[in-house]
Each structure stands twice: as structure tokens, then as C-alpha cells.
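In: Got a sequence here, can you model it:
(2 chains)
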Amino acid sequence: MARLNVNPTRMELTRLKTRLRTARRGHKLLKDKRDELMKQFLDIMRKNRVLREAVEERIMRVHGAFTVASALMSPELLEQALLHPKQSVTLEIGRRNIMSVNVPVYTYKTRNDDKADIYPYGYLQTSGELDDALTALSEVFRELLELAQIEKSMQLLAQEIEKTRRRVNALEYVMIPQLEETIRYITMKLDENERGNLTRLMKVKDMMLAQAGYGAE
Amino acid sequence: MDKIAVLGDRGSVLGFRAIGLDTRFAETPEEAAPILKKLASGEAAIIYITEQLAAGLAEEIASYKDRVLPAIIPIPGRQGSLGIGMSALKSAVERAVGADIL
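Out: Below you'll find the predicted structure:
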């Protein structure tokens, strides 16, 4: 690992040691964050999988019922029957905070709460299968909304985990080794200077003693 | 107060209109792309799109993945499920965990 390009001074050493401490602390915190995010993510993922399977199956059933209805009715009539919906849905978006990731929470309001009163057509010209299809669809709607919420949360969490994991890895495999290497280099260099200085002093002392007539035993 | 939109071929999404969702029709991915863009630019908070269309619009859909709004959710169309919803789930797991654990 390449060391940083710094001057081997005592001041630099103190600075790097502080940086290393911060990096270690950040690394630990980010690692904890990653682990907790992962735990939440796996929970959501499991829920998502079950829900998606259920919703897909139910939607296919709705499609089946619609296909039957459209086989029994003319396309024009079918379209006409569904052209002006009685029901309308308004969506409100809240926010929930999972480990500082903002995920949406959807709540919805329907204009029309009467379950039996969602059919926007008279019963005279439409087939009963259409009623079935609409009932099934309005039942699956709640789950569909939950699916949207969970799936979006999962995507956002996945993004955050990826980001956190990168940071953890960058600290663990680049930043911290680099700092350690540089600190070792500076310590060595300073020690070497110290030793050099010591021998120089000893040498000078010998020379001074020799000059004064004591030396050369 | 945001809208929920459903985008897909006529046969698949007609029913959603009756339960009060905002339906848009598009038969091909090429047709759907501008509609999706328009919906995503603030018109709708949740966009359900049939897998048949989603298959051709994977890039566009991926570009909204990291944004809080809108949520683009693939649902099976009338022709059946293509497994896109599940594979999206898998790719999210792969992204987070770094490996496919499913």
C-alpha cells in the first residue's frame, strides 16, 4: 500500500494519528450502520417476496375474470361501462425513517367507501363476470399499494447499503492501511534521525576529548 | 394528494380505471416511454406498469430507482407474468448484499 506523500515531521505524525483515530471510529460506526441496514433490508426483502407472489397471482386472476367478461361483452360496451369511474382514489405520501433512509408511506382515501357501490355502470348490459373482476381488483388494490411501498423502500435501502458498504470498504482497505503505513514510515524516519544524531554527538565528544589530550586509550 | 397511475395495454389496465386509478394506454414500449416520462415528472407518485412494457423500458425504469418519487412497480399484464418483478427484487438484493442469495 502506497504511503501518503507527507513530510516526516513530528507535527505530521500527530496529525496523522488523529486522522487514523477518526477513520477507525468512522469505520466502526459505518460498519454498525451497514449491519443494521442489512437486517432491515432482509426483513423487507422477505416480506416483499411473499407479497409480490400473492399480488401477482391475484392480478392474474383479475385478468382472467376480465378476459371472460370481455369475451361475453363487446369491446365498445366494455369500454363504455368502465369509462366513467365512480370511485376515485387520492394518495397521501408520508415519510418513515429507517436508519436515516427516508422511505415513503402511502395512505390512501377513496371517495366512495361502500364496497357494493363501486360499479360505474348499470347491470343491464354488462355481464356478471365484470362485477367479479372489479370486486377482485378493488380487493387487491390495498395489497398493490403495500407492494409499491415495500418495493420502493427496498430499492432505497439497497442503494443506501451499497453506498455504506463502499464507504466501509474504502476505509478498511484503503484509508486505514494507508494511514498506518505512513505513520510507520514517519516513526522510522524520526527514530533514524534520532540515532543519527546520537552517533554524531558521540563522535563529536570523542573528537573533543582527543583534542584535549585524553583520548586514544 | 398524489395520483396513482397504471400504464399498460388497453386490455390489461382498463379495469383499473373503474377502481379510480389514472390509467394510460400504450401498446408498445416505444409508445409508453414518453408517457412514462411525463407521469414520472411529477404527475404520479406510484406508477404501475405492465411487465410487457417494463421489459422494453428497463433503462428508463432503472433511472427512477434511486429517487423517492415516483415508485415504478411492474405488475403482470394480461399475457401473464414475465418474472420481471421478481428479477427486480433479485437485482436489489444483489446490489445490497453483493451476491445473489435467493
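In: got any ranges where chain A has weak pLDDT?
Out: Applying pLDDT under 70 to chain A picks out residues A:1, A:112-118, A:215-217.
In: run the last query once more with 80
Out: The model of chain A has pLDDT under 80 over residues A:1-2, A:73-89, A:109-130, A:132, A:214-217.
In: Now for A:Leu77, how many residues are close by?
Out: 16 (other C-beta atoms under 10 Å in any protein chain shown). C-beta here means a position set from N, CA and C on the backbone, and glycine is covered the same way.
In: Over to B:Pro74?
Out: 29.
In: contacting residues for it?
Out: B:Pro74 sits next to B:48-51, B:54, B:61, B:84-85, B:88 when contact means C-beta atoms under 8 Å, 6 or more residues apart in numbering or on different chains.
In: for these, which one is nearest A:Glu172?
Out: For these, the minimum distance to A:Glu172 (C-beta to C-beta) is 30.1 Å, reached by B:Ala88.
In: Just the contacts of B:Pro74: which are in strands?
Out: Among the contacts of B:Pro74, the ones falling in strands (DSSP state E) are B:48-50.
In: quick revisit: near chain A too, which of the contacts of B:Pro74?
Out: B:48, B:85, B:88 (C-beta under 8 Å from any C-beta of the partner chain).
In: Can I get the residues you listed in TSV including pLDDT?
Out: Below are those laid out as TSV (pLDDT from 0 to 100):
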residue	pLDDT
B:Tyr48	91
B:Gly85	82
B:Ala88	83
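In: quick one: the helices in chain A?
Out: A:10-72, A:75-83, A:128-170, A:176-211 (DSSP state H).
In: what's the angle between the third one and helix A:10-72?
Out: The reference is to helix A:128-170. Interaxial angle of helix A:128-170 relative to helix A:10-72 (axes from the mean of the first three to the mean of the last three C-alpha atoms, to 10 degrees): 170 degrees.
In: And what about B:His73, helix, strand or coil?
Out: No, residue B:73 isn't His; it's Ile. strand (DSSP: H, G, I helix; E, B strand; the rest coil).
In: That one contacts A:Ala148, doesn't it?
Out: Yes. B:Ile73 lies in contact with A:Ala148 (C-beta atoms under 8 Å); the separation is 4.8 Å.
In: what do these two both touch?
Out: With C-beta under 8 Å, 6+ apart, B:Ile73 and A:Ala148 have common neighbours B:46, B:48.
In: residues near A:Met208, how many?
Out: The tally of other residues near A:Met208 (other C-beta under 10 Å) stands at 11.
In: can you point me to the longest helix in chain B?
Out: helix B:84-97.
In: for it, packing partners?
Out: Helix B:84-97 sits against helix A:10-72, helix A:128-170, helix B:51-54, strand B:71-75, with contacts defined as 3 or more C-beta pairs under 8 Å, 6 or more residues apart in numbering or on different chains; DSSP states H and E.
In: Buried ones in that helix, by neighbour count?
Out: B:84-86, B:88-90, B:92-93, B:95-97 (16 or more other C-beta atoms under 10 Å in any protein chain shown).
In: Report the residue spans of chain B with pLDDT below the cut-off.
Out: Checking chain B against pLDDT under 80 turns up B:1-2, B:18, B:20, B:69, B:80-81, B:98-102.
In: switch the cut-off to 50
Out: Within chain B, not a single segment meets pLDDT under 50.
In: What about the nearest residue to B:Asp9 once chain neighbours are set aside, how many residues nearby?
Out: Excluding its sequence neighbours, the residue lying closest to B:Asp9 (C-beta to C-beta, 6 or more residues apart in numbering or on different chains) is B:Glu27, at 5.2 Å. Neighbours of B:Glu27 under the rule other C-beta under 10 Å: 13.
In: and residue 60, what does it touch?
Out: No chain in the question, so chain A it is. B:76, B:80-81.
In: Let me rephrase: I mean chain B.
Out: B:Glu60 neighbours (C-beta under 8 Å, 6+ apart): B:33, B:36-37.
In: Enumerate the residues of chain B near chain A.
Out: Counting by C-beta under 8 Å from any C-beta, chain B sits next to chain A at B:1-4, B:11-12, B:14-21, B:45-46, B:48, B:65-66, B:68-69, B:71, B:73, B:75-78, B:80-81, B:85-86, B:88-89, B:92-93, B:95-98, B:102.
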